[in-house]
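[1] Next come a sequence and a model predicted from it.
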Amino acid sequence: MRWSKLFVPTLREAPNDAVAPSHRLLIRGGFIRQLHAGHYSLLPLGWRVHQKVAAIVREEINAIGGQEFLLPTMHPASIWMESGRWDTMGDIMFRFQDRKGAEVALGVTHEEIFATVAAELSSYKQLPQIWYHIQTKFRDEARPKSGLLRVREFAMKDSYSFDVDAAGLDAAFDAHDVAYKRIFARLGIPAFGVEASNGAMGGTDSIEFMTVADAGEDDVIVCRACDYAANVEKATSTLPTIDDGDSVAEIEKFPTPGVLTIAALEEFDGGASAERQLKTLVMVLDEVVTLVVLRGDHQLNLQKLADATAAIDIRPAGPEETQAALGARPGSLGAVAVDHHPVITDIALSGRVNMTTGANEDGYHFRGVSVARDLHTSQWADLREVQPGEACPNCGSPLEVDRCIEIGHIFKLGTKFSEVFDVTVSDADGKPVPVVMGSYGIGIGRNMAASVEANNDDKGMVWPVSIAPYEVVITLMRLDEETLAEGERIYHQLLAEGIDVLLDDRDARAGVKFADAELCGFPYRITLGPRGLKAGEAELGYRATDTNENIALGDVVSRVVDLVKAAKV
RNA sequence: CGGGUUGUGGCGCAGCUUGGUAGCGCACCUGCUUUGGGAGCAGGGGGUCCCGAGUUCAAAUCUCGGCAACCCGACCA
């Protein structure tokens, strides 16, 4: 391609509302333009990268036996009603009516659709299968942000595995785990897997692939001493034992005028330290008022509560609801003897005695509360959010928290969808068994942006050769006959070698061409000008290291070909 | 959904307080000079000032209503 013909609207300054580095650079480099919130047009350079990312994903999924499909992205409501997700998806799903008034939706994911196709599987002999497509997903995100990192319309590779048993699923899962790590390595993204919540999907194992970035949206708890890493939605830690005293006291109500917070009760004469208090949160889970009890100094993680209860709609109770439920205002609430509402108790409170908590009477608290004896716990669950500095559950070292971008997610679905959509096969004994499914997603555009987050400097993007829009740019310092002729010669030789090469034949100043080439992040730059030509040399520049060297004109092509081939492996 | 910020040529901004019909830098077009790190001079083109209503002789500017975008949080298979 000749730059003079290529549409690359570079900007010297990024729009003010772009903040994330990848967002700013992709716009400045003329790779993307926003249409509206969460919807981006991919311009020629952006589209080339996008296609290269997709090609790598395709290669790696094909390598583990994946078969590529293309399923529709507009779905009838009925199929989502069958799986029960018409309701559970909530506002994330774009829904509308066709001209006949039939309810339709744009796909947020494709478990249902692949399952309907898989219903034609009939024998265990046909298994295992790995099916995938690279298709546009639509998600009406509450807050699209950071350019390509969080959008409402995006291409995603989602694959689904079909196996006759759990062992087969394990194999498919592990194969994806390996494939994903290869993909991220090829995309130039430092990635690691973390234990993750399955969300509303259910299932067992769930691994999210993360890369550390300020622009990320997920907090990941990591241990530097061992390999423990988990999303805060899932992370646990080892807590030191709290000394509750030797004897078990009787429950006792005592006046606490004006004491409305955990902190105030710590200071109060006759109060208790936070770790010896019970914190009672009044939550509304799918319109059921529920008490959630945690240790006084612990924080609730909402996703853990959602996972534990399978509730779809979770919100804190309002003041009136709280008053109606417990007869007291926040600050004096407790779960002691409450049995007219579900009580979900954090497992960290197991076995605790002589605790202090609100008495459900304004201005009074209880002391001497035994969790097992005095609370009518309807469900125990791990609800508390791990804090940095707490001990790693594996090795005891202090945990840290990293801000991360989620760049891929693999998890085991089990038989939920196969049962709903009757995806059954006959096993070796001729008996019908539901197929065991797995689901594996990776966003193309998000990974493109994540690669920029990981590979940039003050001059612009630094693409890995594997996904660079062009592998080499030939920068012509002058458009005189000689330079042009030599540029054309090298350009055509590189093209013949299958190299993605861009010839910068624009009538522009050297500084402009250099700055644009660096901004766009082409890995190699061949600089040709009268000065070098006179000496029979070209300059070969390396974007990643910001270095260059002079090379004899006759050697440039073979040198670049070698470099590109070596880098692509 | 709560909190905050912002909407003025393609991008970055000024003008708004104190109404008088829009300006600067970059980018773009023409010419000349220049030419190995975002050139200089001269000339030129381009704007429903987010939308609507109101006040006024007159609104980018004041009032009211709406819309949109961004940031933080909530939310997010």
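    The structure has been received and is ready for your questions.

[2] Can you verify residue A:56 is assigned to a helix?
    Yes - according to DSSP: H, G, I helix; E, B strand; the rest coil, residue A:56 belongs to a helix.

[3] Report the spatially nearest residue to it, omitting neighbours in sequence.
    The shortest distance from residue A:56 to any non-neighbouring residue, by CB to CB, 6 or more residues apart in numbering, is to residue A:186 (5.0 Å). Just so you know, the C-beta spots here come from the backbone N, C-alpha and C atoms, and that holds for glycine as well.

[4] could you measure the one you found against residue A:563, distance?
    Distance of residue A:186 to residue A:563, given as CB to CB, to the nearest Å: 17 Å.

[5] next one: residue A:375
    Residue A:375 is 67 Å from residue A:563, where distance means CB to CB.

[6] burial of the residue in the stretch 251-400 of chain A positioned nearest to RNA strand B, as a residue count?
    Relative to RNA strand B, the nearest point of the stretch 251-400 of chain A is residue A:302 (3.2 Å; CB to the nearest atom of the strand). For residue A:302, the neighbour count with other CB atoms under 10 Å is 17.

[7] Now it: phi and psi?
    For residue A:302, the backbone dihedrals (degrees, to the nearest 10) come out as phi -60, psi -40.

[8] would you list every one of the strands in the stretch 201-350 of chain A?
    For the stretch 201-350 of chain A, the strands defined by DSSP state E, counting those that start in this stretch occupy A:206-212, A:218-223, A:229-231, A:252-255, A:278-285, A:288-295, A:314-316, A:343-346.

[9] swap that for the stretch 1-150 of chain A, please
    Going by DSSP E, counting those that start in this stretch, the stretch 1-150 of chain A shows strands at A:32-36, A:39-42, A:66-69, A:74-76, A:95-97, A:103-106, A:129-138.

[10] do you know which of those strands lies nearest RNA strand B?
    For RNA strand B, the closest of these is strand A:32-36, at 4.1 Å, according to CB to the nearest atom of the strand.

[11] Show me which parts of that closest one are buried, residue by residue.
    Burial within strand A:32-36, assessed by neighbour count using 16 or more other CB atoms under 10 Å, is assigned to A:32, A:34.

[12] What lies in contact with that strand?
    Contact with strand A:32-36 is made by A:9, A:26-27, A:40-43, A:46, A:147-148, as judged by CB atoms under 8 Å, 6 or more residues apart in numbering.

[13] Kindly recompute the last result at 7 Å.
    A:26, A:40-43, A:46, A:147-148 (CB atoms under 7 Å, 6 or more residues apart in numbering).

[14] follow-up on the earlier one: among residue A:186 and residue A:563, which residue is more densely surrounded?
    Just comparing residue A:186 and residue A:563: by other CB under 10 Å the higher neighbour count belongs to residue A:186, 21 against 18.

[15] What residues are bridge-paired with the nearest residue to residue A:194 once chain neighbours are set aside?
    In this structure, residue A:194 finds its nearest non-sequential neighbour in residue A:229, 4.3 Å apart by CB to CB, 6+ apart. Using DSSP bridges, the beta-bridge partners of residue A:229 come out as residue A:222.

[16] tally of neighbours for residue A:229?
    Neighbours around residue A:229, by other CB under 10 Å: 20.

[17] Can you list the low-confidence ranges for chain A?
    Scanning chain A for pLDDT under 70 picks out A:198-204.

[18] so is residue A:522 in a helix, a strand, or just coil?
    Assignment for residue A:522 (three-state DSSP): coil.

[19] distance of it from residue A:531?
    From residue A:522 across to residue A:531, the span is 22 Å (CB to CB).

[20] For the two, indicate the residue with more neighbours.
    Each of residue A:522 and residue A:531 has its neighbours counted (other CB under 10 Å); residue A:522 has more, 29 against 13.

[21] Pop the domain breakdown of chain A in here.
    Domain ranges of chain A: A:44-72+A:106-235+A:401-453, A:252-381, A:470-568, per automatic domain parsing.

[22] highest average neighbour count across those domains?
    Ranked by mean neighbour count, these are led by domain A:44-72+A:106-235+A:401-453 with a mean of 20 (mean count of other CB atoms under 10 Å).
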